[in-house]
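Participant: What follows is a predicted protein model with its sequence.
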Amino acid sequence: MRGWILLALSIFLLGAQQAEQRRDPQSYIKTLESEQRVKGLQIDRVVETLKVSSGQKVADLGAGSGLFARPVARKVGEKGAVFAIDIDPDLLKHIEMTAREQNLSNIRTVLAGPDDPKIPEPVDLILIIDTLHHIRNRDTYLKNLRNYLKPSGRLAIIDFSETWPPGHEQMKYTLEELEGWMKTAGFRRVEKHDYLNNNFFVIYQ
């Protein structure tokens with residue numbers, strides 16, 4: 001459940017070396033947090049666009065190494081909470097370690113199942129960043145996410161729009177397909193942003 005907005009070299013690394021990185025978590029984390037990738041993610045700008053506020057609860061679904069979980073945790077503050085959700089226990093351990101190092105006591109890690117994020121309680125916002133293409137039965141999965149959102153909650157999705165990494169051929173989907181799934185699931189699009197390279201960024205409610 002990871003990787004996204006990479007330039008050519010980073011995309012290659014996430015695709016061609018994926019199996020090796022899974023055997024070596026630290027190597028994979030270094031790739032996820034490489035300077036080139038972090039720059040391409042425009043993390044600060046995305047977090048500002050999300051307009052999270054103090055006291056809110058946010059689920060980062062497919063949290064990876066925690067690149068978004070940490071800045072979002074700072075935004076929601078001590079009265080808020082961030083559920084960092086992933087299917088990879090090694091990545092969750094890394095998030096726990098970095099949260100302690102940065103004194104972020106409001107991050108809680110959650111080991112998800114392949115078909116259920118297991119978000120502990122309803123949240124104000126669910127982030128799905130470079131994760132949806134890994135999920136099977138996306139239409140059903142998205143529909144079930146409504147159970148984890150507060151009535152006015154939002155769902156933000158970022159994923160590849162043009163160039164996909166090697167090995168992702170069977171995972172491809174289009175923004176048009178996503179729009180159909182979301183409409184069927186009972187969501188409406190409230191924002192669309194085009195400033196990310198090789199990624200769409202849409203928010204639903």
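Facilitator: Yep, that arrived. Numbering: from 1, shown residues only.

Participant: Could you use CA atoms for every contact and neighbour count after this?
Facilitator: Fine.

Participant: residues contacting the nearest residue to Tyr148 once chain neighbours are set aside?
Facilitator: Leaving aside its sequence neighbours, Tyr148 sits nearest to Pro122 (CA to CA, 6 or more residues apart in numbering; 4.5 Å). Taking CA atoms under 8 Å, 6 or more residues apart in numbering, we find Pro122 in contact with Asn147, Tyr148, Leu149, Lys150.

Participant: buried subset of those?
Facilitator: The neighbour count (16 or more other CA atoms under 10 Å) marks Tyr148, Leu149 as buried among the contacts of Pro122.

Participant: pLDDT averaged over the lengthiest strand in the chain, what's the number?
Facilitator: Longest strand in the chain by number of residues (criterion: DSSP state E): strand 149-160. In this model, strand 149-160 carries a mean pLDDT of 96.

Participant: Could you name the helices and strands sitting against it?
Facilitator: Packing partners of strand 149-160 (3 or more CA pairs under 8 Å, 6 or more residues apart in numbering; DSSP states H and E): strand 123-129, strand 199-204.

Participant: Contacts for the first one, please.
Facilitator: If I follow you right, that is strand 123-129. 2, 4, 56-63, 148-150, 152-159.

Participant: Against Val76, how distant is the residue nearest to Tyr148?
Facilitator: Remark: distance between Pro122 and Val76 (CA to CA, to the nearest Å) = 15 Å.

Participant: cool, Ala99 as well?
Facilitator: Counting by CA to CA - Ala99 and Val76 are separated by 14 Å.

Participant: Over to Ala69?
Facilitator: Applying CA to CA to Ala69 and Val76 gives a distance of 11 Å.

Participant: Asp116 too?
Facilitator: Taking CA to CA, one finds Asp116 at 24 Å from Val76.

Participant: same check, this time on Ile107
Facilitator: 10 Å.

Participant: Those two: who's more crowded?
Facilitator: More neighbours surround Ile107 than the other of Ile107 and Val76, with 25 against 19 (other CA atoms under 10 Å).
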